[in-house]
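[1] generate coordinates for the sequence data below:
(chains A and B)
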Amino acid sequence: MGSERWVGWLLVAPALLVLAFLTLFPIVYNVYLSFHETRITYRRIVYVWRGTENFAKMIRDPLFAAALRNTLYFMAVATASEVLLGLGLALLFKEGFRGREKVAPIILLPMMLPTIVVTAFWKTLLHPEFGAINNILEALGLPPVNWLGDPRVAMNSIVLVDLWQWTPFVFVFLYAGAQTVPRDLEAAALVDGASRLQLYRHIVIPLLRPYILVATLLRLIDTFRLFDKVYALTGGGPGVATESLTLSVYRYAFNYHMLGYAAALSLVMLGILSLVILAYLAYTRGGGVL
Amino acid sequence: MRAGRVLVYVLVALALAWTLFPIYWVAVTSFKPNSEVITKPPTWIPLHPTLEHYYRLFAEEHFHVYIANTAVVSLGSTLLALLLGAPASYAVARSKIGAAAGRGFLAWNLVVRMFPPIVMAIPIFTVFRQLGLIDTRLGLIIAYQVYALPYTIWLLNGFFRDIPWELEAAAMVDGASTLQTFARVALPLAVPGIVTTVILSTIQTWNEFLYALIFIYSQEKMTITVQIAGYIQEFKIEWGLLASSGLVSSLPVLALSAAVQKYFTRGLALGRGVKG
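    Reported below is the predicted structural model:
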């Protein structure tokens, strides 16, 4: 059995080494960077010790404050609306209607598209003057909305785009979960005189709870990364209205070359997200079968 | 009950309209001449349909170059992930490194998938700078292992587990070594799972934007997502280019997704958390 183990580790070793370089090393290096200021010269980086200055700087940094606020807002609003709408859709499909099997793949289309393509689509749709959405509002006699240019609206427009793209994911996830609700349980409840509303409230939704929770955590993890949409649609603007954490780390590292500060920010990001990751691992018992 | 039925159909119709309208509108826009894009009221069907935007996309914008770059990078990173990940996920699926180590390895892969990708970008970038891997397709392929490798390991681990163990046991009894059993028995049996994994992983890297933006500078090496982001950001909005480039770059992924639709939940749920 000893040589068996040895062969096993041999099979795992290449993947393990690459993963260590791509994940463990970055964390360690980010910690090192976060206590330094860097000067980048040709092919060389000079590190100057700065103690905890990078972390102290965050408290006074309005861009970071805005990015944190916006990202948390986006996570909360986008995840909540996607889960609610996705659950509604899943229950609608569970109710059953003619042509259901043909409609389901169509509903999934948005999440199959590349995010940047979804962004390109909505850039044209949300155009203040010639965009289709404002055309529709106009036809209905409603005032046009400056979707991406109004700082009070812009973040919600980003939510709207995310909603269009990812509600289908929550839907398909919960719909798969809804198939596991035993038919006889529903039948029994109906025979006992439960209304449809009671059936959903007391039987279907409680049974779906684990799926709803996992879908919520997966959406939180994904919305936390927000980058493509704000980078391309608004550039974080107007002002700092749609600045996100990933976008600001990107800016500090790759536009302003402040590697130490960017590393400190990315550690804070990791700290915030580890709360969600820990919840996921605890709930799924190490990511295993639900 | 009757009213309930009607409500169900009304809601389904609304969901379909909400899903399809943006796609329909962009598709129609891609066939409208520029002058017609900004007419009021807008036309539902192009009055003067034209292919000029598609012609311009390839003849002037050389979009096929970006498609080729994206294909090379996404297939390259998928294959590299397969090469590294298949032996590892087999060893874990068959508990070759012990159950506890295997579970730990899988959990680490899952956690890595959840990390915000920007966190890994700065250290990888600094190392690549020293190694001269910035602005190379090889560099991007290696960086993409952040996404592709854990994903491949998770999916393949599930597929290897689904293979009946008896066949491998029989081979072992006949004197085959672990390596031979893996290469000659398990790997051929896992082909459907491998194909699914390759497709799902290729879709992900095809769609990736952040690392493509960070690791590639030269125009001639750019991937489609970075190119489209450029169109989106242009001050004077290029309706036709946005619409046609978006549709053209979606077609390959839509075709691939259709091929693996029944595995889609499994793939998107980061592994085997919930069976799709």
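[2] gap between B:Pro173 and chain A?
    In this structure residue B:173 is Val, not Pro. Shown here: B:Val173 relative to chain A, a distance of 15 Å by CB to the nearest CB, to the nearest Å. For the C-beta atoms, the positions are set from N, CA and C on the backbone; glycine is no exception.
[3] repeat that for B:Ser177.
    The gap separating B:Ser177 from chain A is 8 Å, by CB to the nearest CB.
[4] that residue: how many residues sit nearby?
    A total of 13 residues lie near B:Ser177 under the criterion other CB atoms under 10 Å in any protein chain shown.
[5] give me phi/psi at A:Ile45?
    Main-chain dihedrals, A:Ile45, degrees, to the nearest 10: phi -120, psi 130.
[6] excluding chain neighbours, what is closest to it?
    With sequence-adjacent residues excluded and distances taken as CB to CB, 6 or more residues apart in numbering or on different chains, A:Ile45 is closest to A:Thr38, at 5.3 Å.
[7] you'd agree that neighbour is in a strand?
    Yes: counting by DSSP: H, G, I helix; E, B strand; the rest coil, one finds A:Thr38 located in a strand.
[8] identify the bridge partners of it.
    A:Thr38 forms beta bridges with A:Tyr47, as assigned by DSSP bridges.
[9] low-confidence bits of the chain, can you list those?
    Going with chain A. Counting by pLDDT under 70, chain A shows low-confidence ranges at A:1-2, A:286-290.
[10] that answer is for a different chain, and I need it for chain B
    Screening chain B residue by residue with the criterion pLDDT under 70, one finds the ranges B:1, B:262-276.
[11] how many neighbours does the residue in it that chain A sits nearest to have?
    Taking CB to the nearest CB as the measure, chain B has B:Lys96 as its residue closest to chain A, at 2.8 Å. Here the neighbour count serves as a burial measure; for B:Lys96 (other CB under 10 Å) it reads 23.
[12] just say helix, strand or coil for it.
    Here B:Lys96 takes the coil state, with states given by three-state DSSP.
[13] list the buried residues in the helix or strand A:Leu91 falls within.
    Assigned by DSSP states H and E, A:Leu91 belongs to helix A:62-95. Under the neighbour-count criterion of 16 or more other CB atoms under 10 Å in any protein chain shown, helix A:62-95 has A:63-64, A:66-68, A:70-71, A:74-75, A:77-79, A:81-83, A:85-95 buried.
[14] keep these, but drop any that are not near chain B.
    Contacts with chain B within these, counted by CB under 8 Å from any CB of the partner chain: A:Gly88, A:Leu89, A:Leu92, A:Glu95.
[15] isn't the last one up against B:Val8?
    Read it as A:Glu95. Yes: in this structure, A:Glu95 sits in contact with B:Val8. The criterion is CB atoms under 8 Å, and the distance is 5.5 Å.
[16] quick one, helices of the stretch 101-250 of chain A?
    With helices called from DSSP state H, counting those that start in this stretch, the stretch 101-250 of chain A shows them at A:115-125, A:132-139, A:154-178, A:183-191, A:196-199, A:205-224, A:228-233, A:245-250.
[17] turn those into TSV, including distance to chain B and mean neighbour count.
    Formatted as TSV, the entries for the helices of the stretch 101-250 of chain A read as follows, by distance: least, CB to the nearest CB, whole Å; neighbours: other CB atoms under 10 Å in any protein chain shown:
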stretch	distance to chain B	mean neighbour count
helix A:115-125	4	26
helix A:132-139	5	16
helix A:154-178	5	23
helix A:183-191	12	12
helix A:196-199	7	13
helix A:205-224	5	19
helix A:228-233	4	25
helix A:245-250	5	25
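[18] now those as JSON lines including distance to B:Leu20?
    Putting the helices of the stretch 101-250 of chain A into JSON lines (distance: least, CB to CB, whole Å) gives the following:
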{"stretch": "helix A:115-125", "distance to B:Leu20": "12"}
{"stretch": "helix A:132-139", "distance to B:Leu20": "13"}
{"stretch": "helix A:154-178", "distance to B:Leu20": "11"}
{"stretch": "helix A:183-191", "distance to B:Leu20": "31"}
{"stretch": "helix A:196-199", "distance to B:Leu20": "28"}
{"stretch": "helix A:205-224", "distance to B:Leu20": "23"}
{"stretch": "helix A:228-233", "distance to B:Leu20": "21"}
{"stretch": "helix A:245-250", "distance to B:Leu20": "30"}
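[19] quickly find the element holding B:Ile214.
    When secondary structure is defined using DSSP H and E, the element that contains B:Ile214 is helix B:210-215.
[20] and that helix, which residues are buried?
    When burial is assessed from 16+ other CB under 10 Å, helix B:210-215 yields the following buried residues: B:Leu210, B:Tyr211, B:Ala212, B:Leu213, B:Ile214, B:Phe215.
[21] quick one: the helix or strand where B:Ala15 lies to helix A:132-139, angle?
    Here B:Ala15 is covered by helix B:2-30, with elements defined by DSSP H and E. Comparing the axes of helix B:2-30 and helix A:132-139 via axes from the mean of the first three to the mean of the last three CA atoms, to 10 degrees yields an angle of 120 degrees.
[22] helix B:2-30 packs against which elements?
    In this structure, helix B:2-30 makes packing contacts with helix A:62-95, helix A:100-112, helix A:115-125, helix A:132-139, helix A:154-178, helix B:239-259, judged by 3 or more CB pairs under 8 Å, 6 or more residues apart in numbering or on different chains; DSSP states H and E.
[23] who's in contact with the fourth one?
    In this case it means helix A:132-139. Residues external to helix A:132-139 that are found in contact with it (CB atoms under 8 Å, 6 or more residues apart in numbering or on different chains): A:124-128, A:143-145, A:147, B:21-22, B:25, B:40-42.
[24] then stretch A:153-168?
    With CB under 8 Å, 6+ apart as the test, stretch A:153-168 has contacts from A:70, A:73-74, A:77-78, A:81-82, A:85-86, A:89, A:107-111, A:113, A:115, A:118-119, A:122, A:126, A:145-148, A:219, A:222-223, A:226, A:229-230, A:233-234, A:237-238, A:241-242, B:18-19, B:22.
[25] please apply the same query to stretch B:225-240.
    Residues from elsewhere that reach stretch B:225-240 (CB under 8 Å, 6+ apart): A:114-117, A:119-120, A:123-124, A:127, A:130, A:228, A:231-233, A:235, B:29-30, B:32, B:34, B:37-38, B:52-53, B:56, B:61, B:63, B:66, B:70, B:207-209, B:212-213, B:216, B:241-242, B:245-246, B:249.
[26] what about the residue of the stretch 1-150 of chain A found nearest chain B, helix or strand, and which?
    Among the residues of the stretch 1-150 of chain A, A:Gly8 lies nearest to chain B; the distance is 2.8 Å by CB to the nearest CB. Under the criterion DSSP H and E, the helix or strand holding A:Gly8 is helix A:2-19.
[27] ok, then the element right after that helix?
    The element immediately downstream of helix A:2-19 (helix or strand, assigned by DSSP H and E) is helix A:25-34.
[28] quick one: is that following helix near chain B?
    Yes: applying CB under 8 Å from any CB, one finds helix A:25-34 touching chain B at A:Phe25, A:Pro26, A:Ile27, A:Tyr29, A:Asn30, A:Leu33.
[29] what about A:Gly141, distance to A:Phe130?
    In this structure, A:Gly141 lies at 19 Å from A:Phe130, with CB to CB, to the nearest Å as the measure.
[30] residues contacting the nearest residue to B:Phe215 once chain neighbours are set aside?
    Distances taken as CB to CB, 6+ apart put B:Leu140 closest to B:Phe215, at 4.8 Å, once the chain neighbours are dropped. B:Leu140 is in contact with B:Val73, B:Ser77, B:Tyr211, B:Ala212, B:Phe215, B:Ile216, B:Thr223, counting by CB under 8 Å, 6+ apart.
[31] so how far is A:Lys229 from B:Leu140?
    To A:Lys229, B:Leu140 is 22 Å away according to CB to CB.
[32] and the helix or strand where B:Leu138 lies, how far out from the chain middle?
    Under the assignment given by DSSP H and E, the secondary-structure element containing B:Leu138 is helix B:137-143. Relative to its chain's centre, helix B:137-143 lies at 16 Å (CA atoms, centre = their mean, to the nearest Å).
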